[in-house]
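Colleague: return a 3D structure for these sequence lines:
(2 chains)
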Protein chains: 2
Amino acid sequence: MTAEETVPGSVRPGGRTARVRAAVLRVAGDLLAEHGFARLDLAEVAARAEVGKTTVYRRWRTPTGLITDLLLDMAEQSLPRADTGSLRGDLEANARLVAKTLADPRQGRLFRAVIAAATCDDAAAEALHRFYDVRLTEWSPCITDAVTRGEAPPGTDPRVVLTAVSGPLYYRLLASGDPIDDRAVRVAAEAAASAAAAGIFVRTAT
Amino acid sequence: MTAEETVPGSVRPGGRTARVRAAVLRVAGDLLAEHGFARLDLAEVAARAEVGKTTVYRRWRTPTGLITDLLLDMAEQSLPRADTGSLRGDLEANARLVAKTLADPRQGRLFRAVIAAATCDDAAAEALHRFYDVRLTEWSPCITDAVTRGEAPPGTDPRVVLTAVSGPLYYRLLASGDPIDDRAVRVAAEAAASAAAAGIFVRTAT
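Modeller: Numbers count the residues shown, from 1 in each chain, chains lettered A, B, ... in the order given. The predicted structure is shown next:
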């Protein structure tokens, strides 16, 4: 055991603790992508990450603990918003990013696994909602900028616009099985931009 | 054992076989809603449905077999399309039906469970896609009728319109956790109807 582990506050960013976390989360992501949530096992994660089992159990405690931290890490690494100068361009960049993630063999399976975990575990669901909250917040300025440029009316709700873009792509992945192809990407972005311009996503006074 | 079970072709609709299936699928749905996919157990289903274990294992074989038959039964029972006389009215009826299903305590949990099962089981995924195929096909005339009435241009793709309605509601359920409230329902329907009128969902020649 090193000094870094025993003395609180001595952990440098990029130090051993950070390396252990990176290795454990990479393996956890691999296992989730390979086998789904039901088979995520802390001892297997420790073995494959070449990290002591005690460290893994002490730090992450349960499969849900691992998933929660993995989603936190994914949120930290999520890409910044696009800034193409038009609402349609920004929404198409958003749709393309979502589609690329969901179509990627490892990432797509990983997302399905964490979404599946969230359906039957409240803590995983909370972590998942926080992850999407970070993504939706990161991309919201695309819509407020569009309002400033006059491409959508004041009061347009950024989160609802972004939900209209992502929703159809997730529905294809998780429900209908229809392909997430280039046309699906363009149509999702264009439909949301068109409805935004028409004022459909304006918050109503309640 | 009754004659109905031993003589092939003697099974009346509504007879013992149909009653056994109804009881087993009701219990399977209850257990999925209660505990999710990971804990679906054929012996427990048999016990709670008061049906012989052998019958359940012989007929459904695996948890996936049960889920597949449950989805078939759900597709058979899915409600017919609305016919309100306007595209926006029909799409709002569709959104309201989806929201009601997903917000229902038993049905909402059941859908999450079968979607979770589909993320890690190809046969369950196929059954899920067939279920949505039935629903999307059932509601497609809402869009072709709207085209006939001149509310959307010829070539508008019904399946893509319906995906635009359902997608944001499923995204709220499975990803962001944002509420599936009355406003979410109205906005999903209005956005899809508006984009359909603007010609966004017209099939492009490829």
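Colleague: low-confidence bits of chain A, can you list those?
Modeller: Flagging of chain A using pLDDT under 70 yields the residue ranges A:1-13, A:205-206.
Colleague: what's the single longest helix in it?
Modeller: helix A:16-35 (DSSP state H).
Colleague: next helix or strand past that helix?
Modeller: For helix A:16-35, the following helix or strand on the C-terminal side (DSSP states H and E) is helix A:42-49.
Colleague: just checking, what packs against that following helix?
Modeller: For helix A:42-49, the packing partners by 3 or more Cβ pairs under 8 Å, 6 or more residues apart in numbering or on different chains; DSSP states H and E come out as helix A:16-35, helix A:53-60, helix A:63-76. (C-beta placed from N, C-alpha, C; glycine too.)
Colleague: winner for burial among these?
Modeller: Each of the helices and strands packed on helix A:42-49 was scored by mean neighbour count; the highest is helix A:63-76, a mean of 20, by mean count of other Cβ atoms under 10 Å in any protein chain shown.
Colleague: before we move on, back to that, nearest to A:Val114, out of the helices and strands packed on helix A:42-49?
Modeller: Ranking the helices and strands packed on helix A:42-49 by proximity to A:Val114 (Cβ to Cβ) places helix A:63-76 first, at 5.8 Å.
Colleague: next, the angle from that closest one to helix A:16-35.
Modeller: If you take axes from the mean of the first three to the mean of the last three Cα atoms, to 10 degrees, helix A:63-76 sits at 110 degrees to helix A:16-35.
Colleague: pull out the buried positions in the helix or strand just after helix A:63-76.
Modeller: Per DSSP H and E, the first helix or strand lying C-terminal to helix A:63-76 is helix A:87-103. Using 16 or more other Cβ atoms under 10 Å in any protein chain shown as the test for burial, helix A:87-103 gives A:87-99, A:101-102.
Colleague: then stretch A:125-136?
Modeller: Buried-residue list, stretch A:125-136, by 16+ other Cβ under 10 Å: A:125, A:127-129, A:131-132, A:134-136.
Colleague: is any residue of that stretch near chain B?
Modeller: Yes: applying Cβ under 8 Å from any Cβ of the partner chain, one finds stretch A:125-136 touching chain B at A:125, A:128-129, A:132-133, A:136.
Colleague: got the contact list for that stretch?
Modeller: A:67-68, A:71-72, A:74-75, A:78, A:114-115, A:117-119, A:158-159, A:162-163, B:175-177 (Cβ atoms under 8 Å, 6 or more residues apart in numbering or on different chains).
Colleague: one more: stretch A:144-159?
Modeller: Here stretch A:144-159 makes contact (Cβ under 8 Å, 6+ apart) with A:83, A:86-87, A:90, A:136, A:139-143, A:161, A:193, A:196-197, A:199, A:201-203, B:176, B:178.
Colleague: are any of these buried, and which?
Modeller: Neighbour-count burial (16+ other Cβ under 10 Å) applied to these gives A:87, A:90, A:136, A:139-140, A:142-143, A:161, A:193, A:196-197, A:201-202, B:176, B:178.
Colleague: returning to what we had before: helices and strands around the longest helix of chain A, which ones?
Modeller: Other elements packing on helix A:16-35 under the criterion 3+ Cβ pairs under 8 Å, 6+ apart are helix A:3-6, helix A:42-49, helix A:53-60, helix A:63-76, helix A:105-119.
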